[in-house]
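K.L.:
sequence plus predicted model, see below.
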Amino acid sequence: MRRAEREITDRALIDDILRRHQVLYLAMQDADVPYVIPITYGYDGECLYFHCAAEGRKLELMQAHPRVAFAVEAEYQVHEGETACGWGFGYASVVGEGMAEIVDEAKEKKRGLDVLMSHFTPEPQTYKDGGIEGTTVIRVRITALSGKAHD
């Protein structure tokens, strides 16, 4: 990282950002063009979980190229200045890389969906009959993770 003084080195702070925020930007490879989409996600401290349709571009790309990257933008604030050069930006963010895989086993699919839902509510969830079986759940095993912040 070029600006080492802005690096978040405390893993607990990185985990806190990932647990508190609800939208993640997922980057995938589509031939020679990157493809980035915002998604809702869950984080269990080691992996990310999300769901998607049983077919479509996102799923096809992850199956062809399972290595993905992601970013979560946390708090940010524009700081006004008297001149253009005096303006600044306060922020906290997390970026990472991982390997995406389809979760096939029903118990792990439910666990992944529970992790996802825990991002939105602390209440235990129930699923309609056939809901888990009919849902495509993706797990991203995180291989690299870093954070950056600036006041």
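P.N.:
Looks like it arrived, so ask away.

K.L.:
burial count for L116?
P.N.:
When counting by other C-beta atoms under 10 Å, one arrives at 21 neighbours for L116. C-beta coordinates here come from the backbone N, C-alpha and C atoms, glycine included.

K.L.:
the closest residue to it other than its chain neighbours: neighbour count?
P.N.:
Excluding its sequence neighbours, the residue lying closest to L116 (C-beta to C-beta, 6 or more residues apart in numbering) is G42, at 3.5 Å. Neighbour count of G42, defined by other C-beta under 10 Å: 25.

K.L.:
how far away is the residue most central in space within the chain from C85?
P.N.:
In the chain, the C-alpha nearest the mean C-alpha coordinate belongs to L24, at 4.0 Å (C-alpha atoms, centre = their mean). Distance from L24 to C85, counting by C-beta to C-beta, to the nearest Å: 33 Å.

K.L.:
same question, D10
P.N.:
Distance, D10 to C85, by C-beta to C-beta: 31 Å.

K.L.:
then R19?
P.N.:
36 Å.

K.L.:
between the two, who's got more neighbours?
P.N.:
Per other C-beta under 10 Å, whichever of R19 and C85 has more neighbours is R19, with 15 against 7.

K.L.:
state whether the more buried one and Y43 are indeed in contact, as I suppose.
P.N.:
Yes: taking C-beta atoms under 8 Å as the definition, R19 is a contact partner of Y43 at 5.8 Å.

K.L.:
continuing past the lengthiest helix in the chain, what's the next helix or strand?
P.N.:
Secondary structure of the chain per DSSP state H: the longest helix is helix 106-118. Next along the chain after helix 106-118, taking DSSP states H and E as the criterion, comes strand 136-150.

K.L.:
quick one: I14 and I8 touch, right?
P.N.:
Yes: using C-beta under 8 Å, I14 is in contact with I8, at 5.7 Å.

K.L.:
buried set for stretch 138-145?
P.N.:
By 16 or more other C-beta atoms under 10 Å, the buried positions in stretch 138-145 come out as 138-140, 142, 145.

K.L.:
which among the residues you listed gets closest to E80?
P.N.:
L145 (32.4 Å; C-beta to C-beta).

K.L.:
for that closest one, which non-adjacent residue is spatially closest?
P.N.:
Per C-beta to C-beta, 6+ apart, closest to L145 is G96, 4.2 Å.
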